[in-house]
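J.: With the input below, show me the fold.
(chains A, B and C)
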Amino acid sequence: MANHSEEELAPTPGQRVAKFLERKDVRQTFILGAFFTAVFVVLGIWVYPHWMPNVLSKEMQADEDIMIWFTVISAPIAGVILAIAMESFLNMHRGDTPPEDGVAIRTHTPVVIIWTSVSVLFVILALVWGMVSMNTDADKAAVNAPNALVVDVTGSQWAWSFTYPAQNITTHTLNLPVDRPVTFNVVSEDVNHSFWPVQLGVKVDANRLSTTVIHTTPVKLGEIDVKCAELCGLYHAYMETSGQVESTSDFNNWVSSIQAQGGTQ
Amino acid sequence: MSHDTEFHIHHDSAEKVGRRERLGVRLLIVADGAFVFGMMFSWFYLRNLNENNAWLPKGVHTFTTASGYIAAVGLVVAAIFHRIGERNHGMRRVSSIVVFLALVIGAVYQWHQMAHMPFIAHDDNGRPFYNGAYASNWVLVAGANMFHYLLGAFVALGLVIRGYRTKLDPVLEEWRQRIAGSWFTWIAVSGILCAIATSFK
Amino acid sequence: MTTLSHAPASARPVPNPKKSLITRLNMGTGIIVGAIFCWGTYYAMRAGRDMTDTHNVNKVLLVSMLMWSFGFLVGIGALIGPFRWLIGKDLTAEEQLYLAGDGQGIKRYFKYCTDHKVVGIQYLVGVMTMLGVGGTMAMMIRTNLATPGSHLVTPIVYNSLVGLHGITMIIAMIIVATGPFGNYIMPIMIGARDMAFPRLNALSWWVLFTAIPVLCSAWFLGGIPTGWTAYAPLSDQAGPGMNAFLATIIIFALSTAVAGMNITTTVIAMRAKGMKWNRVPIFVVGGTISVALAIPAFPTFMLAMIQTGMDRTIATGFYDANVGGSGWLYANLFWIMGHPEVYVILIPGVAALMEIAPVFVRKPLFSYNAAIAGFAGIAGLSVLVWAHHMYMSGWMPSLNGPFMITTEFISVPTGLLFLVIVGTLWRGKPWMKLPMLSVYAFLWNFLIGGVTGVYLSDVPADNYLHGSMFVTAHFHYTLMGAAFTGAMAGLVYWFPKMTGRMLNERAGYIAFWLIQIGFNVLFLGMFMAGAQGQPRRVADYAFAYEHSNMISTAGAYSVGIGMITLLWAIVHSWRNGKIAPMNPWGAKTLEWTVPYPVPLENFDVEPVITSDPYGYGKAAH
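T.: Numbering: from 1, shown residues only, chains lettered A, B, ... in the order given. I've put the predicted structure just below:
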């Protein structure tokens, strides 16, 4: 280091930062960082809506939103990591002997503190988002419970059946009226299954002798795929069925037609 | 180890070797402790869940509160007498024999308890099954106690026999006494924990 | 006092303790005695039992399998040490020297050999075998799923492939870094002459060895209907093949407890003079934290297997809701092990990369303390997060929130691992060799694995993602993309010290790119399938998922070809590769100060340490 005369002051933090930003590797890293951040933002916004199926309930929308926005929020972190990695990669030395030693940086306390703090902030943000989303679901479920449509779901090796106690019907297709809250009481006759009406964005395991409960409100018309999301033996892959979110009048017609057949379909 | 062994780890002094043997055994005790923790979890979780109201056996009574403690007596006696022998060189041969006998008798008693448990019911096809989750957990806990008794008896027998050998390194053997003490203490603690758990019916 | 340190191995007389049984025992006698114990038990137990009762079938099979393992250990001489301890006639110096394999050449790899370097090679071969078998199963899985309606295998075979691929890989990955390198390299790295418990070291390897045929026997007994998680009550209901799974885990848990204890004790008690804690190489720290975490974690898995075994043999009801049991008990016990276990897998791979990066960038490891904090924080938090695997199980919805909190917080120490590695890269000029390339692959793979883990840790998002292929893609990114990549980097890095040869570079690069690019295609395709709504562990799927699956399968084939190339490179280089110099990478850790073949007791003179091994670099300006 050059000797400083007594009149020369140590560089201010502002000057240090300016000098830092003048370095070629720092500028290149910033550009790469901006690029990778943009890539992740675009991925988050485009990929999940494109891949994920029809959104038929608020819960499903919340699920999709979380995936989009968590990706967007992670984008700067991904940007930094990939930028530094790429910058390093582009600077490579080929050959049979190692290059000369680099700068002996053993640590840099401000960086460690900033990095840890940003991680903690990110975690808190994700947690708050998740907790709010969970409690909103829970509140809505509590409020809606009294006039909800009740569907008793029974999983068995290897089929789903749905009993609507108020309507006195049992079916293998899951039809639901739009805009009416529904409560699923789920149970299994044998091993663990997992009840997954995909487009409704809810899921719960089916256990023997213990009923588990989930709530949702379908808000859009469309087809529902019902799958099993827990390996349950030989025909787990085929343990699926389908249904519809339909208008209230269509739903009532469907119910009546089954009642006319004797209550089972 | 015999005086003529000076290879590998015995380039180190007996003190160093003894210390690290103790660390190794303590780590294995941690593993065993995790197993016992799992059993306690299983006991209390199923008891509180009381799935299908079937925690308690139907139609037969459970073991008494005291029975778990009686099953642990052998372990406690062994731990105490081992400690006496550790501190008191003169008493060592006698106490090591008492330790061995306490563990053998305790194992026999535990076996007796298991052989006479009343929990096995039969289904419509005449096939046996364990009547209630209490029964399943009880036999597991008793089996673990049994395992501790048997392993303890092996160690105790070794100490008895080695107590009569003259060619062993005294410093290392002193460490072995202490290390065995860790084991006997742990299995006594485990026995008491199991007794406490099984007293919650 | 033996003079073995000073005379070359060829000049020393081969120890030949006369009349000692240990000279006659080896893997062959082990197999013979194991087979005798197994078949003897099998036939003895069948007599007088009604073998139409499945409980009896399970009893006979399970006990016979465990007796195979016990018999093998008897036959290879593992019990001689304890027996001699019992009767107060410990092994003599000559016997111990014999057990260390002194002067026995290649035969010592097939005997109960206590030399940690032999055990390290045995683990390496064992791990490679398991990875090969598991990988073949993976290729069959992806081939079956190439198109919808594809029926390469029937559902029962497919489900068995999924479950057995899973458990084979999990076992292989638990030991992939700490087995070969934790045994061979680590004692040399800390300046020790061997592990703390050399006989237990041999025991941990041979116990693991006995588990391999037991696991393979599942195929001959009808396979398993469960995944590697062996959820109850499906596992209670399963056919005879399930017994092989249970026996394998019980045996494996014993091996891991002993190995974990051995490594931890060695690192705590046998470091060379001057190697204070802040001078210990990071691979050693990471490996020790990993195995120390395994010690309290794996026993609950063993317990869950014993409970399943009891349900299946003596009709207890731990998991039978009719008699007060619950599948939730199984899930809790399993995941109390299962989550720490994935960090047991992850940490050594990352630690290996942290050991490698400074060497190839010629800079010190950035913030050694942050690395320790990262590993320790992960290990500590990992025991508090298990029920995030059970968010959707319905066991206790009120606990979903607390577990979400602990799970999200693991991102903080995990983030420190990234910081250490990118900090090491920063302002460095990397020497582009194969181990260094893996560092970049790791950063990309672990980033994707980590971010997708954040979605999964969020309860509302997990409503959609749980039980879908998204989960499968996430954990392959972390366990394979990060941990396996780290382990392979370790293999290439330490290959010269373990075999005396350099790994063929060209083949290595070809394998690397085929594997990494194939890996990303394979599992990005799988993220797509999962996001589209495909459940996991399905033998077949709806037409909507055909593109994503086709992409995945194409990636899988690239990985498969890459792995075969890597295997070829390893075998070919081991036999005919360029002879390696003592320190080909110019590294500063102790293993590079000993020649190959490494002398029996590693060091002529015990080293004294005066600094950490990251003293690269010119001063900053």
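J.: CA only for contacts and neighbour counts going forward, please
T.: OK.
J.: ok, the residue most central in space within chain B - contacts?
T.: With distances taken as CA atoms, centre = their mean, the residue of chain B nearest its centroid is B:His148 (2.8 Å). B:His148 sits next to B:Ile187 when contact means CA atoms under 8 Å, 6 or more residues apart in numbering or on different chains.
J.: Now do the same for it: its pLDDT.
T.: In this model, B:His148 is scored at 98, pLDDT.
J.: Report the buried residues of the helix or strand hosting it.
T.: Element membership for B:His148, per DSSP states H and E: helix B:133-163. With burial defined by 16 or more other CA atoms under 10 Å in any protein chain shown, the residues of helix B:133-163 counted as buried are B:133-142, B:144-146, B:148-150, B:152-163.
J.: Low-confidence ranges, chain B, go.
T.: Within chain B, the stretches with pLDDT under 70 are B:1-10.
J.: Domains in chain C, by residue range?
T.: For chain C, automatic domain parsing gives the domain ranges C:20-112, C:117-593.
J.: closest one to chain A among those?
T.: domain C:117-593 (4.4 Å; CA to the nearest CA).
J.: Give me the distance from that closest one to the chain's centre.
T.: 6 Å (CA atoms, centre = their mean, to the nearest Å).
J.: quick revisit: what about the residue nearest to the centre of chain B, distance to C:Met526?
T.: Distance, B:His148 to C:Met526, using CA to CA, to the nearest Å: 48 Å.
J.: so who does the nearest residue to C:Trp395 once chain neighbours are set aside touch?
T.: Counting by CA to CA, 6 or more residues apart in numbering or on different chains, C:Trp395 lies nearest to C:Trp328, which is 6.3 Å off, once chain neighbours are set aside. Residues in contact with C:Trp328 (CA under 8 Å, 6+ apart) are C:Tyr319, C:Ser393, C:Trp395.
J.: Find the residue closest to C:Leu384 in space, skipping its chain neighbours.
T.: C:Thr406 (6.5 Å).
J.: Pretty sure that neighbour sits against C:Val383.
T.: No. Taking contacts as CA atoms under 8 Å, C:Thr406 lies outside contact range of C:Val383: 9.6 Å.
J.: on that earlier part again, could you point out which element follows the helix holding B:His148?
T.: Next along from helix B:133-163, by DSSP H and E: helix B:170-198.
J.: and that next one with helix B:133-163, angle?
T.: 160 degrees (axes from the mean of the first three to the mean of the last three CA atoms, to 10 degrees).
J.: Is there proximity between helix B:170-198 and chain C?
T.: No. Using CA under 8 Å from any CA of the partner chain, helix B:170-198 never reaches chain C; the gap is at least 10.6 Å.
J.: which other helices and strands contact that helix?
T.: With contacts defined as 3 or more CA pairs under 8 Å, 6 or more residues apart in numbering or on different chains; DSSP states H and E, the packing partners of helix B:170-198 are helix B:14-49, helix B:65-87, helix B:133-163.
J.: Buried ones in the helix or strand of chain C with the lowest mean pLDDT, by neighbour count?
T.: Lowest on mean pLDDT, DSSP states H and E among the helices and strands of chain C sits helix C:93-99, with a mean of 89. Neighbour counts over helix C:93-99 (16+ other CA under 10 Å) mark C:Ala93, C:Glu94, C:Glu95, C:Gln96, C:Leu97, C:Tyr98, C:Leu99 as buried.
J.: can you give me the strands for chain A?
T.: Assigned by DSSP state E, the strands in chain A fall at A:149-156, A:159-164, A:169-171, A:174-177, A:182-188, A:193-197, A:204-206, A:212-216, A:222-228, A:241-246.
J.: how about those, which one is nearest chain C?
T.: strand A:204-206 (4.8 Å).
J.: Determine how far that closest one lies from the middle of the whole chain.
T.: Per CA atoms, centre = their mean, the centroid offset for strand A:204-206 relative to its chain is 19 Å.
J.: hmm, who's touching that strand?
T.: Applying CA under 8 Å, 6+ apart, the external contacts of strand A:204-206 come out as A:154-155, A:186-188, A:192-196, A:212-214, A:230, C:392-394, C:463.
J.: Could you find the closest non-adjacent residue to the closest residue to chain B within the stretch 401-550 of chain C?
T.: Nearest residue of the stretch 401-550 of chain C to chain B, counting by CA to the nearest CA: C:Phe403, 17.8 Å away. Sequence neighbours aside, C:Val385 is the residue nearest to C:Phe403 in space, at 5.6 Å (criterion: CA to CA, 6+ apart).
J.: No further queries at this time; thank you.
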